[in-house]
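Novice: predicted model and sequence follow; I will ask about them next.
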Amino acid sequence: MPRQVVIGIDELLAKMDKIALSVQPKIVAQSLRAAMTPMLKDARANAPKGSRTHKSYKGRLLAPGFLKQNIKLKKLKRRDKTVQAYGLWAQKEGFYGGFVETGIAGESDVTPNPWLGKAYSKNAASVQSLFLTGMRKRIEKAMK
């Protein structure tokens, strides 16, 4: 995937230099999370919901809608502490959402149902602008 150029980031980075180092990661993390929230809401709305209860691989009985409830925004931990990222994940026993997204060929033949891809394609363009808006707002607040 080619790198995208974020317009207006140089101005924000110059302002960030005037803020205490301890506050900077918090501003970035809050802005990232806020920018990803609409994508999270769409992913939950698009996630398939079964009509009956089913058992997980652990043997637990799961109600319809278990996948929707367990889609979360997760901060990705990286060794390089200068990089922050968030991702959408199906937590716990909802990992099967990935199989529903891409489909499975073979005995069980699950046809692809791209619920997460729809959320991404709908919100990918707005995430950047929401991030920059959130950064501006949080930087201005921190500078006061």
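Specialist: It's in. No experiment lies behind these values; they were computed from the predicted model shown. Numbers count the residues shown, from 1 in each chain.
Novice: quick one: secondary structure of the nearest residue to G117 once chain neighbours are set aside?
Specialist: Ranked by Cβ to Cβ, 6 or more residues apart in numbering and with sequence neighbours excluded, the top spatial neighbour of G117 is E101, at 6.7 Å. From N, CA and C alone the C-beta is placed, and that goes for glycine too. Here E101 is recorded as helix under DSSP: H, G, I helix; E, B strand; the rest coil.
Novice: right, and E101 touches L116 too?
Specialist: Yes: between E101 and L116 there is a contact at 5.2 Å, judged by Cβ atoms under 8 Å.
Novice: which of the two has more neighbours?
Specialist: Looking at E101 and L116 with other Cβ atoms under 10 Å, you find the greater number of neighbours at L116, namely 21 against 18.
Novice: which residues does the more buried one contact?
Specialist: A43, N46, A47, L88, G97, E101 (Cβ atoms under 8 Å, 6 or more residues apart in numbering).
Novice: tell me how far it lies from I19.
Specialist: Distance, L116 to I19, by Cβ to Cβ, to the nearest Å: 35 Å.
Novice: now swap in G106 and tell me
Specialist: Separation of G106 from I19 (Cβ to Cβ): 54 Å.
Novice: ok, M135 next?
Specialist: For M135, the distance to I19 - Cβ to Cβ - is 11 Å.
Novice: same question, T111
Specialist: 50 Å.
Novice: which neighbours do M135 and I19 share?
Specialist: Taking Cβ under 8 Å, 6+ apart as the criterion, M135 and I19 both touch I27.
Novice: between those two, point out the one with more neighbours.
Specialist: M135 (25 against 15).
Novice: surely the more buried one touches L12?
Specialist: Yes: using Cβ under 8 Å, M135 is in contact with L12, at 5.2 Å.
Novice: pLDDT weak spots in the protein?
Specialist: 1-7, 107 (pLDDT under 70).
Novice: tell me where it has strands.
Specialist: Per DSSP state E, the chain carries strands over the ranges 54-55, 61-62, 71-76, 85-90.
Novice: which stretch among these comes nearest A29?
Specialist: A29 sits nearest to strand 71-76 of all these, at 6.9 Å, using Cβ to Cβ.
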